[in-house]
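[1] Quick one, what's the 3D model for this:
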Amino acid sequence: MVLLAETSGKAQFIRNELLGKRTPVNSPGYWRADVDTGKLYLRMNPVGLIDMYDMNINIGSEYRINHNWSATMDAGYIYFSQYAGRVKSASGILLRPGIRKYAGKRKDFFLELQLHYKEVSYRVKDWLEKSLVNDVATYEEYKTFRYHKQVFGAHFTIGAREYLSRNHRWFFEVYAGVGLHYKKEGMRNETNSRYDPPNLLLIANGSSETVKRFSPAVPGGIRLVFRLSRK
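    Numbers count the residues shown, from 1 in each chain. I've put the predicted structure just below:
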């Protein structure tokens with residue numbers, strides 16, 4: 001009897017969706033109309049396009065294991081940056097695999113743990129302090145040089161989704177959280193040199209040696225999501 005009721009509810013939900021109707025709350029198929037039944041999703045984070053330091057095109061996917069758990073993956077290409085001062089060009093990658101836990105009656109709230117990896121190469125044209133003696137530059141040279149950055153870390157975020165279409169194929173997510181990054185950065189092939197970038201938020205000391213440090217992270221943004229398939 002339970003199986004028959006569930007099958008009937010599913011059929012009612014499908015009929016209503018095809019007709020563009022919302023399933024009534026008191027019907028057997030209500031839970032299927034109110035809880036997402038997707039399996040595979042395509043998503044994009046438009047916030048990356050306006051990232052003031054590492055502008056990127058970020059596209060990802062989500063695979064729903066069951067109603068409560070899913071695996072996620074975001075990948076991005078960094079195409080422009082002002083992170084290291086007067087940058088002429090930049091290129092890099094961004095990878096964020098994760099695991100997500102859904103919560104709430106409608107499964108529209110989530111907790112997510114993401115690993116974070118970023119690698120960027122910057123082509124900078126600016127003044128370099130050269131031939132340091134007792135941490136004092138002998139002279140300065142205006143030239144083009146390479147600045148390189150690697151970031152390893154983890155993010156813990158919470159978020160919620162809001163549907164944009166009746167059939168639940170389009171929706172957006174809002175999320176925010178905290179994280180920790182381990183950075184390695186510095187100039188490439190510039191021995192005994194120092195760079196003091198005009199970017200005041202750049203924490204690196206600008207020396208020719210690779211700087212290694214931990215720093216806090218505050219991830220957050222909005223994702224536009226499209227459901228590719230159902231369970």
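
[2] got a list of contacts for whichever strand or helix holds L224?
    According to DSSP states H and E, L224 maps onto strand 220-230. Residues outside strand 220-230 that contact it (Cβ atoms under 8 Å, 6 or more residues apart in numbering): 36-48, 60, 62, 157, 161, 168-177. Using the backbone N, CA and C atoms, a C-beta is placed for each residue, glycine as well.

[3] mind redoing it with 6 Å?
    Contacts of strand 220-230 from elsewhere in the structure, counted by Cβ atoms under 6 Å, 6 or more residues apart in numbering, are 37-45, 47, 169-174, 176.

[4] How about stretch 36-44?
    59-64, 168, 223-231.

[5] Do you have the strands of this protein handy? List them.
    For the chain, the strands defined by DSSP state E cover 38-44, 54-64, 69-81, 87-103, 109-133, 136-163, 170-188, 193-194, 211-217, 220-230.

[6] Can you name every helix or strand that the third one contacts?
    Other helices and strands packing on strand 69-81, by 3 or more Cβ pairs under 6 Å, 6 or more residues apart in numbering; DSSP states H and E, are strand 54-64, strand 87-103.

[7] Now do that strand against strand 136-163, angle only.
    Comparing the axes of strand 69-81 and strand 136-163 via axes from the mean of the first three to the mean of the last three Cα atoms, to 10 degrees yields an angle of 140 degrees.

[8] Please parse the chain into its domains.
    The record's domain parsing of the chain by automatic domain parsing lists 1-34, 40-230.

[9] what's the average pLDDT for the last one?
    Mean pLDDT, taken over the full extent of domain 40-230, equals 90.

[10] measure that domain end to end?
    7 Å (Cα to Cα, to the nearest Å).

[11] Off-centre distance for it?
    The chain centroid and the centroid of domain 40-230 are separated by 7 Å under Cα atoms, centre = their mean, to the nearest Å.

[12] tell me the most buried of the domains of the chain?
    Among the domains of the chain, domain 40-230 has the highest mean neighbour count (mean count of other Cβ atoms under 10 Å), at a mean of 16.

[13] Tell me which residues touch A217, please.
    Neighbouring residues of A217 by Cβ under 6 Å, 6+ apart: G179, H181.

[14] now do S89
    S89 touches R123, counting by Cβ under 6 Å, 6+ apart.

[15] which residues does it bridge with?
    With DSSP bridges as the criterion, S89 is bridged to R123.

[16] Spatially nearest residue to E140 (excluding sequence neighbours)?
    W127 (5.0 Å; Cβ to Cβ, 6 or more residues apart in numbering).

[17] so that neighbour touches E141, yeah?
    No: here W127 lies out of contact with E141, judged by Cβ atoms under 6 Å, at a distance of 7.2 Å.

[18] Please report how far A75 lies from E190.
    31 Å (Cβ to Cβ, to the nearest Å).

[19] repeat for K101
    From K101 to E190 the distance is 46 Å (Cβ to Cβ).

[20] same check, this time on P46
    36 Å.

[21] what's the answer for E173, then?
    42 Å.

[22] Ok, D196 next?
    Applying Cβ to Cβ to D196 and E190 gives a distance of 13 Å.

[23] and if you look at I78?
    I78 is 22 Å from E190, where distance means Cβ to Cβ.

[24] can you check S215 too?
    Using Cβ to Cβ, we find S215 at a distance of 23 Å from E190.

[25] now swap in L228 and tell me
    Remark: distance between L228 and E190 (Cβ to Cβ) = 47 Å.
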